[in-house]
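Asker: With the sequence up front, the predicted model follows.
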Amino acid sequence: LTLGCVSVRQLWHAQPGTLGNFLFQSPSPLRDIAEANEWHKLFAARNICNDVEFQHQNGEGESKKQGEMSYAYWRWQGFLCRYAVSPLTTATAQAKGGSDTNNSALVLIHGFGASGSQWSKNIKELSNSVIAAETSPKVAFAPDLIGFGQCEKPGVTYTQYLWESYAGSFVKEIVQGKYNCGEYVVGGNSIGGYTSMSCAADDVVPADASYVSSSGAPGSGKCKGVFLMNSAGQIRTKTEILEGPSVAETTIAGGLPPCSPPARPIAWAFGNALLWYLRPRIQSICTNLYPSNPAAVDENLCGSILRDSLDPGAINVMVSGSKLPAPRTANDLLNSDFGTRIGKDLVVSDSNGVATPMVQQGRWAGPAIVIQGMQDPLQNSEERVAGFTGLRSGIEVEALTGGHCPHDELPKESADALLRWIPRAFSQQDVEVRLAESNVP
């Protein structure tokens, strides 16, 4: 379909429809692909033609002002995906998107069920305070993760590794490719925080067959820092490290168990029932997540979440939740002092008896900050903060009196915390490949 070898109509008629009611009918994968592909193309065309937030990207409208978000589309693995971009300084705004090789960028990744537009208030606050200095980002990007927002929602298995690969591709193809930005800081909220850790870890991977990344491709080496806002991700204690191998170690040793997900019709029925339950409760759920500023749960937020959940293929993310693989831990991704034994125990010897690691994974050992909403009902914030800061030196903390989404609930406070840290991140020396090579003694 992506290469134009078959048409949407051919796919639609290649598989007959199924009987049964909406909740328990058997899925028709080919029809789902055809419907989602055609629907998102028409939806994107309507937005580009009628929405002023898209038109300036095609040269039809005026340049966006400092702090104002505009939207565009790109294709990842053939799937149509949306992203937001905003100039953070007046000079960048006048440059129509900031195609300047000296531009530095800020990449913001949203959490589960949200979209890039959830960063709009935070970006506005950042633009009000950021200065046109070398240690300040000039452009902000907020992509919709595939399967969320106004991205296409194909019937693929959504995993942490898929989103990691997506984020890395976005940085290379859009941030650095289309907009010619150089150095960047990446961060996010909830699963977006975990994805940001992974993106930074993969960015230090060199073009060497003995190194691995989530996408299989080397990194750009341009990442300068990672910020985490109520981030997801497992943190292992020293005791847990000693008790058993990490996911990476188990994978290398070939010890991962086979995937045994529930039957697709069962997962499909459960996913639909969960969506039916959640949709009418979006406002109450968000209010619970915004304990210190419930007024931030406005019509735009709830309406966008509801709209995105009604797209063709939205059920696919819910179905994938039943078969998520074990993720890499924060210990591995942030280069913990007690994170992994890769490079020590898992070795091979050459003909001269010299032992070398079988494989190396990227690990981020550069600047990092945890901006934590301490009233988060989904996390034990005190425990999370202690866990992150206990991994190694160089991980800072800013505690806020907010809930799970401080960037949207407390945009000024979270932007101020970020702005206090960003100059220190950009002023650090380049993160060399040696950071990926360091091992636990």
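Answerer: Alright, I've got the coordinates.
Asker: tell me the pLDDT at the nearest residue to residue 274 once chain neighbours are set aside?
Answerer: Ranked by Cβ to Cβ, 6 or more residues apart in numbering and with sequence neighbours excluded, the top spatial neighbour of residue 274 is residue 318, at 5.7 Å. For the C-beta atoms, the positions are set from N, CA and C on the backbone; glycine is no exception. With respect to pLDDT, residue 318 scores 85.
Asker: what does residue 321 give?
Answerer: pLDDT, residue 321: 72.
Asker: Repeat that for residue 91.
Answerer: For residue 91, pLDDT reads 58.
Asker: Alpha carbons only: can I get the host helix or strand of residue 331 in CSV?
Answerer: Here residue 331 sits within helix 330-333, counting by DSSP states H and E. Only the C-alpha atoms of helix 330-333 are listed here, as CSV (Å, rounded to 0.1, in the frame of the first residue of the first chain):
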residue,chain,number,x,y,z
ALA,A,330,16.0,3.2,33.9
ASN,A,331,19.2,1.7,35.4
ASP,A,332,20.3,0.6,31.9
LEU,A,333,19.1,3.7,30.1
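Asker: same for it, what does it pack against?
Answerer: helix 191-203 (3 or more Cβ pairs under 8 Å, 6 or more residues apart in numbering; DSSP states H and E).
Asker: circling back to that earlier point, next one: the residue nearest to residue 274 from residue 410, what distance?
Answerer: 29 Å (Cβ to Cβ, to the nearest Å).
Asker: ok, the two, which is more surrounded?
Answerer: residue 410 (25 against 20; other Cβ atoms under 10 Å).
Asker: where does the stretch 301-441 of the chain have low pLDDT?
Answerer: Scanning the stretch 301-441 of the chain for pLDDT under 70 picks out 339-359, 429-441.
Asker: What ranges does it have for its helices?
Answerer: For the stretch 301-441 of the chain, applying DSSP state H, counting those that start in this stretch gives helices covering 315-320, 330-333, 381-389, 406-409, 411-426, 434-437.
Asker: Over to the stretch 51-200 of the chain?
Answerer: Counting by DSSP H, counting those that start in this stretch, the stretch 51-200 of the chain has helices at residues 52-55, 90-94, 120-129, 160-170, 191-203.
Asker: Mind checking these for the one nearest to residue 414?
Answerer: Nearest of the helices of the stretch 51-200 of the chain to residue 414, taken as Cβ to Cβ: helix 120-129 at 6.1 Å.
Asker: now the angle from the closest one to helix 411-426?
Answerer: Helix 120-129 runs at 60 degrees relative to helix 411-426, counting by axes from the mean of the first three to the mean of the last three Cα atoms, to 10 degrees.
Asker: Enumerate the positions of helix 120-129 that are buried.
Answerer: For helix 120-129, burial by neighbour count (16 or more other Cβ atoms under 10 Å) applies to 120-127.
Asker: Can you tell me which of those is closest to residue 386?
Answerer: The closest of the buried residues of helix 120-129, once distances to residue 386 are taken by Cβ to Cβ, is residue 122, at 25.6 Å.
Asker: gap between the closest one and residue 44?
Answerer: For residue 122 relative to residue 44 (Cβ to Cβ), the value is 25 Å.
Asker: Could you report the neighbour count for residue 382?
Answerer: 11.
Asker: One more: residue 427?
Answerer: 11.
Asker: again, but for residue 159
Answerer: Neighbours of residue 159 (other Cβ under 10 Å): 15.
Asker: In this structure it contacts residue 326, no?
Answerer: No - between residue 159 and residue 326 there is no contact under Cβ atoms under 8 Å: 10.0 Å.
Asker: Could you check how far the closest residue to residue 147 other than its chain neighbours is from residue 43?
Answerer: Excluding the flanking residues, the one nearest residue 147 by Cβ to Cβ, 6+ apart is residue 317, at 4.4 Å. From residue 317 over to residue 43 the distance is 18 Å, taken as Cβ to Cβ.
Asker: Ok, residue 2 next?
Answerer: 18 Å.
Asker: which residues touch the nearest residue to residue 165 once chain neighbours are set aside?
Answerer: Spatial nearest neighbour of residue 165, excluding adjacent residues (Cβ to Cβ, 6+ apart): residue 215 at 3.8 Å. By Cβ atoms under 8 Å, 6 or more residues apart in numbering, the residues touching residue 215 are 164-165, 168-169, 202.
Asker: Is residue 278 in a helix, a strand, or coil?
Answerer: Three-state call for residue 278 (DSSP: H, G, I helix; E, B strand; the rest coil): helix.
Asker: I'd assumed residue 285 was in contact with it.
Answerer: Yes - proximity of residue 278 to residue 285 meets the contact threshold set by Cβ under 8 Å, at 7.1 Å.
Asker: State whether residue 229 is indeed within a helix.
Answerer: No - judged by three-state DSSP, residue 229 forms no part of a helix; its state is strand.
Asker: Now for residue 404: which residues touch it?
Answerer: 111, 189-190, 230, 289-290, 373, 376-379.
Asker: give me that answer again for 10 Å
Answerer: 111, 189-190, 229-230, 286, 288-291, 373, 375-379, 381 (Cβ atoms under 10 Å, 6 or more residues apart in numbering).
Asker: What subset of those is buried?
Answerer: Buried among the contacts of residue 404 (16+ other Cβ under 10 Å): 111, 189-190, 229-230, 286, 289-291, 373, 375-376, 379, 381.
Asker: count of neighbours near residue 47?
Answerer: So residue 47, with other Cβ under 10 Å, has 17 neighbours.
Asker: still on that earlier bit, any residues in contact with both of residue 278 and residue 285?
Answerer: Joint contacts of residue 278 and residue 285 (Cβ under 10 Å, 6+ apart) are 113, 305.
Asker: what's the neighbour count on the nearest residue in space to residue 120 that is not next to it in sequence?
Answerer: Leaving out its chain neighbours, the residue that sits closest to residue 120 by Cβ to Cβ, 6+ apart is residue 69, at 5.2 Å. The tally of other residues near residue 69 (other Cβ under 10 Å) stands at 20.
Asker: State the distance from residue 69 to residue 143.
Answerer: 12 Å.
Asker: any common contacting residues for those two?
Answerer: Common neighbours of residue 69 and residue 143 (Cβ under 10 Å, 6+ apart) are 83-85, 116.
Asker: Closest one of these to residue 106?
Answerer: Lowest distance from residue 106 to those (Cβ to Cβ) belongs to residue 85, with 10.6 Å.
Asker: Alright, that wraps it up for me.
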